[in-house]
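**Q** just the structure for this:
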Amino acid sequence: MSHINKNNYKASHKPIIWSLFAAGGTVTALLLSALILLIALAVPMGFISADMFHYDRIQQLLSNPLVRLVVFGIIFLSLWHAAHRMRCTMHDFGIRADGLVAVVFYGLALIMSIVLAIALI
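**A** Below is the predicted model:
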């Protein structure tokens, strides 16, 4: 019977980043594509009234704290997905300064998340 030495394993932040990336990809693929379908196709084709997306109606909808929380979650996860995707893209382009690239893109995602949170409060 072999024993696993826990001292050989290093703590990593990668599961946190990967979970945000995966959740963001799922949310972006499912919800944002539905919004694009509604706004870019259903409204111009007359299936849905353009009044549904009128400023006053959206403002009234966003007055609900639960809706603001959901909007924050969607945009937050999409930002972190995009940050990780851009980090991987820079690596594919041959930019190997991975630490700097990570700080830049994850830092931007963090700053935009904070700005979003302030805007929705």
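**Q** quickly find the element holding the spatially most central residue of the chain.
**A** Centroid check for the chain by CA atoms, centre = their mean gives S78 as the closest residue, at 1.5 Å. Assessed by DSSP states H and E, S78 sits inside helix 65-92.
**Q** what inclination does whichever helix or strand comes after that helix have with respect to helix 65-92?
**A** Counting by DSSP H and E, the next helix or strand C-terminal to helix 65-92 is helix 98-120. Counting by axes from the mean of the first three to the mean of the last three CA atoms, to 10 degrees, helix 98-120 points 160 degrees away from the direction of helix 65-92.
**Q** by contact count, what packs against helix 98-120?
**A** Here helix 98-120 touches helix 65-92, going by 3 or more CB pairs under 8 Å, 6 or more residues apart in numbering; DSSP states H and E. All C-beta atoms are positioned from the backbone trio N, CA, C, and that covers glycine.
**Q** now find how far off-centre the helix it packs on is within its chain.
**A** How far helix 65-92 lies from its chain's middle: 1 Å, per CA atoms, centre = their mean, to the nearest Å.
**Q** now that helix: average pLDDT?
**A** For helix 65-92, mean pLDDT is 91.
**Q** for L108, give me the pLDDT.
**A** We have a pLDDT of 95 for L108.
**Q** burial of the closest residue to it other than its chain neighbours, as a residue count?
**A** Once flanking residues are discounted, L108 sits nearest to A83: 6.6 Å by CB to CB, 6 or more residues apart in numbering. Neighbours of A83 under the rule other CB atoms under 10 Å: 25.
**Q** who's in contact with stretch 31-42?
**A** Residues outside stretch 31-42 that contact it (CB atoms under 8 Å, 6 or more residues apart in numbering) are F47, I48, F53, I74, S78.
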